[in-house]
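> Structure of the sequence below:
(2 chains, ligands or ions: 2)
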Amino acid sequence: MKVLEALRIAMRALAANKLRSVLTMLGIIIGVGAVIALMSIGRGVEKYVTDQFAGLGSNLLFIAPGQITEGPPSLRANPVRSLTLGDMVAIADRSRVPHVAAVAADFQTRVQVSRAGKTVTVQANATTPEYPLVRNWNTTIGSYFSTLDSDERQRVVVLGSETYQQLFPNNEYPVDQTVQINGMNFRVIGVMESKGGGPGGNLDRSVFLPLTTGQDRLFKQKTPNGEYRVTVIYASIDDSANIPAAQEAITELMRERRGIKYLDQDDFTIISQNDLISVFGDILGALTIFLGAIAAISLLVGGIGIMNIMLVSVTERTREIGLRKAVGAKRGDVLIQFLIEAMTLAAIGGMIGVALGWGLAQIVSTFFGEFQAVVGADAVVTSLVVATAVGLFFGIFPAFRASRLNPIDALRYE
Amino acid sequence: MVQKNGRTNSQIPVIALHNITKVYQMGDVEVHALRGIDLEVYPGEMIAIMGPSGSGKSTLMNIIGCLDVPTSGTYELDGKDVSRLKDDQLAAIRNHKIGFVFQNFNLLPRTTAVANVELPLIYAGMGGRQRRKRAEEALRLVGLGDRFDHKPNELSGGQQQRVAIARALVNEPSMILADEPTGNLDTKTSVEIMELFQRLNRERGITIVFVTHNPETAEYCNRVVRIRDGLIESDETRQATASIHAPKPHAVSSNGHEAVTVKERER
Ligand SMILES: Nc1ncnc2c1ncn2[C@@H]1O[C@H](COP(=O)(O)OP(=O)(O)OP(=O)(O)O)[C@@H](O)[C@H]1O
Ligand SMILES: [Mg+2]
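Ligands and ions are numbered 1, 2, ... in the order given. All right, here's what the predicted structure looks like:
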């Protein structure tokens, strides 16, 4: 008997018991649906985060005080020894750190910015003038402050795009306008491109001013011996192949500058973009294993459901099987018929599951807006193949039972 | 061996049973359901197998229908020994040579008359188009030319049994085996069904074997075999006492020629 014929018989048998068929498929539907939804969302998030990291600037190293493993600063036993502008200058020295293309320092704190009666609290990034270069980031209006502005401790400020919108709701031309930062007048000289949220907060909600101006006039955050304190140093490296070498050189330099003894741990951290991406990759990897476990369990449950219903179906249709055998169905014919029925059940469940998962992923994407779920063809095909294989596996026993029925007994069965 | 309706031994019997026994093992007890049956049935016969309950009718029927194999003895169907075949080989024999009609019709529910009749052809590996054509022909032959797409629950008992008969006919088997075919029908419908069988037998020369308790069924047959305790008690050939008076002309289809020949032989 042709497989096509068996498929038709299977479809008819399933259609005859629609509600039961759907209930039977539920395990498979939920399993496949969950996997497709979570995988699509996971991929969407992954793409979003990767894009974010790529937007940080190319071949970037971040140097921050303290060890990441110590947790956030507020929880640390010992106060963290700050980085200083001197560290940045030292790193910029190519004789000590080969391959370094540019460096910038950034001191971050929260400030109140007001203009024309509007006040917003945002992050202030008090940076060196190379900051836009290192971060691969430009202004849309005006320009970033120059070395001269920095040297002269000018009270100039560049606004993040959102801060600009908040302070200039009517899109007034901002350059040469005055805003107050913590009550002190600053001249606006530019507006940054929108960058969106990312690791380290939403930089569109911030203002940028010279590190010198900030620490001499605004925050009074210098170290006891009068050095400029910085939160993070960015170093861009000429080529991604040279990142490990640069990382090593900076580590050595920093240990020396900070007088760390031979066996003692670093009290600073150097992170590359690749480190961040690989940390994220680890998280995604764990998530994938978790998803795999969910999928396996629900497919197992779904498979057992299919086996159960197929056994019921074989019993219910004992007479039908007897009749088919009486009019000439061979064992193989009956076996194939019930196998195909189980596989069809599972495959249709899989398809509904894919549709459900896809729909869910779309809903989540629209809801969060920031990323777009990616439903991969490979995920869809794999799910359907696995679902069908589950149907095949759990259909074998009931189908084998059906094929072994003795037509005499089966015809007599009430 | 000139016997049974004047047929000669030059004809190969459809059914040739030689010393058939069937023993069921029930724990330590052996049940001898058949103790040595010899029976030959020739093409074109319409024969009733009768006997009291427990006499072995169903057992014999299962063996004749190739649903089961005998414990000993030989069974030749159309001259071919089928008494030692395996399951799948028996299935093929049933498919090609035997049409079954059951007391409770055994139609597939929620399935149209045509699809029900097509069933044996599916397992014969016939293509869909030809299957449909053959099934429609068979349904016309049993007088259901206007009920192709009716499902069993949309048909009367008599009509359902006609569908079952069409299904038994559709593979052009060597014989039709009918087990109490009128057992679930009222008297009037029973008469119609028996007349249909008789017509198929007379006009198309189809060999029909009934297993029945019902003397009225036997009245349509020209041979009655009685069995008791697994042995043949009597084997009587005679003119059918109940008979359709005139064959319905429309039923003589493409095969009319052959039907006439059979009728002439019977004179
Ligand atoms: N599968 C079986 N296992 C054991 N014994 C059986 C089996 N089938 C039939 N028998 C026995 O074989 C004998 C003949 O049974 P069978 O069913 O052939 O009788 P029958 O003539 O068809 O009776 P009825 O008219 O009541 O249907 C009975 O004694 C029965 O108990
Ligand atoms: Mg019986």
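> Domains in chain A, by residue range?
A:3-52+A:278-412, A:81-266 (automatic domain parsing).
> mind checking the SS state of B:Gln161?
Following DSSP: H, G, I helix; E, B strand; the rest coil, B:Gln161 is assigned to helix.
> Roughly how far does the residue nearest to B:Val101 when sequence neighbours are not counted sit from ligand 1?
Excluding the flanking residues, the one nearest B:Val101 by Cβ to Cβ, 6 or more residues apart in numbering or on different chains is B:Ala178, at 4.0 Å. Bear in mind the C-beta positions are built from the backbone N, C-alpha and C, glycine included. B:Ala178 sits 14 Å away from ligand 1, going by Cβ to the nearest ligand atom, to the nearest Å.
> now do B:Asn222
22 Å.
> Kindly report the same for A:Ile91.
Per Cβ to the nearest ligand atom, A:Ile91 is found 93 Å from ligand 1.
> residues in the stretch 301-414 of chain A within reach of chain B, list them.
Taking Cβ under 8 Å from any Cβ of the partner chain, the part of the stretch 301-414 of chain A that reaches chain B is made up of A:319-320, A:322-333, A:407-408, A:411.
> These in helices, which ones?
Counting by DSSP state H, these place A:319-320, A:322-326, A:331-333, A:407-408, A:411 in helices.
> Can you flag the buried ones in these?
Using 16 or more other Cβ atoms under 10 Å in any protein chain shown as the burial test, these include A:319-320, A:322-326, A:331, A:333, A:407-408, A:411 as buried.
> any idea which of those residues is the one closest to ligand 1?
Nearest to ligand 1 among those: A:Ile408, at 7.5 Å, using Cβ to the nearest ligand atom.
> Contact partners for the closest one?
Residues near A:Ile408 by Cβ atoms under 8 Å, 6 or more residues apart in numbering or on different chains: A:322, B:62, B:67-68.
> quick one: which of these is nearest to ligand 1?
Nearest to ligand 1 among the contacts of A:Ile408, with distances taken as Cβ to the nearest ligand atom, is B:Asn62, at 7.8 Å.
> Is the closest residue to the closest one other than its chain neighbours in a helix, a strand, or coil?
Leaving aside its chain neighbours, B:Asn62 sits nearest to B:Asp68 (4.1 Å; criterion: Cβ to Cβ, 6+ apart). Secondary structure, three-state DSSP: B:Asp68 is coil.
> coming back round to it: could you redo the buried ones among the ones in helices among the residues of the stretch 301-414 of chain A next to chain B as a markdown table and give each row distance to A:Phe280?
What follows is these, written out as a markdown table (distance: Cβ to Cβ, whole Å):
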| residue | distance to A:Phe280 |
| --- | --- |
| A:Arg319 | 60 |
| A:Glu320 | 56 |
| A:Gly322 | 60 |
| A:Leu323 | 61 |
| A:Arg324 | 57 |
| A:Lys325 | 59 |
| A:Ala326 | 64 |
| A:Arg331 | 55 |
| A:Asp333 | 54 |
| A:Pro407 | 62 |
| A:Ile408 | 66 |
| A:Leu411 | 64 |
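> Lowest-confidence member of those, which is it?
Across the set of these, A:Leu411 stands lowest in pLDDT, at 86.
> Surely that residue touches A:Ile321?
No. Assessed by Cβ atoms under 8 Å, A:Leu411 is found out of contact with A:Ile321, at 9.3 Å.
> any common contacting residues for these two?
Counting by Cβ under 8 Å, 6+ apart, no residue touches both A:Leu411 and A:Ile321.
> quick one, what contacts the residue nearest to B:Asn62?
Each residue near B:Asp68 by Cβ under 8 Å, 6+ apart is listed here: A:408, B:22, B:59, B:62.
> A:Val175 now?
Shown in contact with A:Val175 (Cβ under 8 Å, 6+ apart): A:141-142, A:188-190.
> neighbours of the closest residue to ligand 1 within the stretch 101-250 of chain B, just the number please.
When scored by Cβ to the nearest ligand atom, the stretch 101-250 of chain B has B:His213 as its residue closest to ligand 1, at 6.3 Å. Counted with other Cβ atoms under 10 Å in any protein chain shown, the neighbours of B:His213 add up to 13.
> Can I take it that it is in a helix?
No. Applying three-state DSSP, one finds B:His213 to be coil, outside a helix.
> So for residue 59, what's the nearest residue that isn't a sequence neighbour?
No chain was given, so I picked chain A. That would be A:Ile237: by Cβ to Cβ, 6+ apart, it lies 4.5 Å from A:Asn59.
> not quite, I wanted chain B
Excluding the flanking residues, the one nearest B:Thr59 by Cβ to Cβ, 6+ apart is B:Ala33, at 4.2 Å.
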